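Participant: generate coordinates for the sequence data below:
(one chain, ligands or ions: 1)
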Amino acid sequence: MKDIYAAVKVTDNVYWVGAIDWTIRDFHGYTTPHGSTYNAYLVMADDITLIDTVKAPFMDEMLSRIKSVVDPSKIKYIISNHSEMDHSGCLPAMIDLIKPQTVFASPVGVKTLKELFHRENEIIEVVDGETLNLGNMELTFMEARMIHWPDSMFTYLDKDELLFSQDAFGMHLATLERFADEIPAATLEYEGATYYANIVLPYSPIVLKVLGKVAASGLKIKIIAPDHGPIWRKDLGWILELYKKWASQKPTAKAVVVYATMWHSTEKMARAISEALASEGVKVKLLSMNETHRSEVVYEVLDAGALIVGSPTLNNNILPQMADVMTYLKGLRPVNLIGAAFGSYGWSGESVKHLESILKEMKVEIAAESVAVKNVPDSGVLEKCHELGKTIASELLKRTVSN
Ligand code: FEO
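Facilitator: Numbers count the residues shown, from 1 in each chain. As a prediction, this is how the structure comes out:
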């Protein structure tokens, strides 16, 4: 019977042999409405090499794609660029099945894979700058620590000027198109930014360093092959510039107003603040956590200059939906934001103080006095919300002009 899966040729020497996960909808808290891919690559050098593997349940799909090119037992080396289980889940089973001569990973990768799979001495360390001769071509390993885990590394194939970049430059997007130039630019920009915001954002200072290091290395790069989503083979400057922009997080004249509401009082305040911001020329994204997923919020915050958050008081605290998104945002460490808090309450009214305290922990500069209202806001309170919006707008516009 003909196998349904085949490899996709990337260059004369490299094949994509990964798996497409059409149904995944949650990736450790990040919603993935358009699925994902786990990319693995076969380098058909004199010494055949597999770059990364796939999530454990997708091993058969990867094997089928490899078999469409070569007998898997002919693979001599496996390189583990990143040990997170979406790329290493079937590594132990692959080692047992194909018995490669050597498996390589970064020093931290060796330790991490041991802690994940509890197998002895089967993986060899390669350090930053080290090379591996494959006979008719050569691989160079480059440390890419924290993009996405401490073990992360890139692998460069000299003959094809191809960078295997593991999570970097990836996106969660299930498609049968394997190349970015086959996908609309707006889709790439949205999915790439969403992935960056939800996965890479906390490591932005390191992204800028690694991009600088790769540029300084003088290596020519014609193709970037990430571990998720499409492969970049045209106009690489476009995605590299986007990475620089996302990593820099320069504030724009955009405010994100995030709130949850019980009986629409906090919602009315959010609407008043948003109208005032917009009336001053600030772009506004108003997001109700009663309806919005946390992943969408961090996508919107990625290019914002202000974060304004609201919650009513529930049991002396904030609403759970707001606790969820604030915890998520805090962990992703967006920078260069100003902000403020608002909310309604019935009797004790702690929510605004809680929100302000989380904003301060996030190093968001509080740029306007917060507004709290007992029960339903009257026109005087809504006027205060307008003032809050105008104060934030004025401060934000000063900052974005100076950029
Ligand atoms: Fe795609 Fe950090 O794993």
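
Participant: please make it C-alpha for all contacts and neighbour counts, starting now.
Facilitator: Noted.

Participant: how about the residues of the stretch 201-350 of the chain near the ligand?
Facilitator: Counting by Cα under 6 Å from any ligand atom, the stretch 201-350 of the chain comes close to the ligand at no residue.

Participant: next, count neighbours for residue 360.
Facilitator: 15 (other Cα atoms under 10 Å).

Participant: residue ranges with poor pLDDT in the protein?
Facilitator: 1, 401-403 (pLDDT under 70).

Participant: longest strand in it, please.
Facilitator: Longest strand in the chain by number of residues, with DSSP state E as the criterion: strand 338-345.

Participant: name the surrounding residues that touch it.
Facilitator: 265-266, 269, 305-314, 351-352, 355-356, 359, 364-377, 388, 392, 396 (Cα atoms under 8 Å, 6 or more residues apart in numbering).

Participant: which parts of the chain are helices?
Facilitator: Taking DSSP state H as the criterion, the chain contains helices spanning 59-67, 85-88, 91-98, 107-117, 185-195, 204-217, 236-248, 265-279, 294-301, 320-332, 351-361, 379-402.

Participant: next, format these as a markdown table and append distance to residue 32.
Facilitator: Converted to a markdown table, those look like this (distance: least, Cα to Cα, whole Å):
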| stretch | distance to residue 32 |
| --- | --- |
| helix 59-67 | 21 |
| helix 85-88 | 14 |
| helix 91-98 | 24 |
| helix 107-117 | 25 |
| helix 185-195 | 9 |
| helix 204-217 | 21 |
| helix 236-248 | 20 |
| helix 265-279 | 27 |
| helix 294-301 | 9 |
| helix 320-332 | 16 |
| helix 351-361 | 27 |
| helix 379-402 | 32 |
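
Participant: ok, which of these comes nearest residue 153?
Facilitator: helix 107-117 (8.7 Å; Cα to Cα).

Participant: what comes up buried for the closest one?
Facilitator: Buried residues in helix 107-117, counting neighbours by 16 or more other Cα atoms under 10 Å, are found at 107-114.

Participant: ok, now stretch 339-347?
Facilitator: 339-345.

Participant: ignoring the adjacent residues along the chain, who's closest to residue 317?
Facilitator: Nearest residue to residue 317, sequence neighbours excluded (Cα to Cα, 6 or more residues apart in numbering): residue 351, at 5.2 Å.

Participant: swap in residue 294?
Facilitator: residue 325 (5.4 Å).

Participant: residue 3 is nearest to which of the helices of the chain?
Facilitator: helix 59-67 (6.9 Å).

Participant: what residues does the closest one touch?
Facilitator: Taking Cα under 8 Å, 6+ apart as the rule, helix 59-67 contacts 3, 5-7, 17-19, 40, 42, 53-54, 72, 90.

Participant: the residue nearest to residue 294: neighbour count?
Facilitator: Residue neighbour count, defined by other Cα under 10 Å, stands at 20 for residue 325.

Participant: do residue 121 as well
Facilitator: 9.

Participant: next one: the one 3 residues further on
Facilitator: Applying the criterion other Cα under 10 Å, we find 14 residues in the vicinity of residue 124.

Participant: show me what contacts it?
Facilitator: Residue 124 sits in contact with 102-105, 110, where contact means Cα under 8 Å, 6+ apart.

Participant: one more: residue 362?
Facilitator: Taking Cα under 8 Å, 6+ apart as the test, what residue 362 contacts is 330, 333-334.

Participant: same check, this time on residue 72
Facilitator: Residues in contact with residue 72 (Cα under 8 Å, 6+ apart) are 63, 66, 98.

Participant: most neighbours among those, which one?
Facilitator: residue 66 (25 neighbours).

Participant: in the stretch 51-200 of the chain, mark out all the strands, start to finish.
Facilitator: With strands called from DSSP state E, counting those that start in this stretch, the stretch 51-200 of the chain shows them at 77-80, 102-105, 123-125, 131-133, 138-143, 153-157, 162-166.
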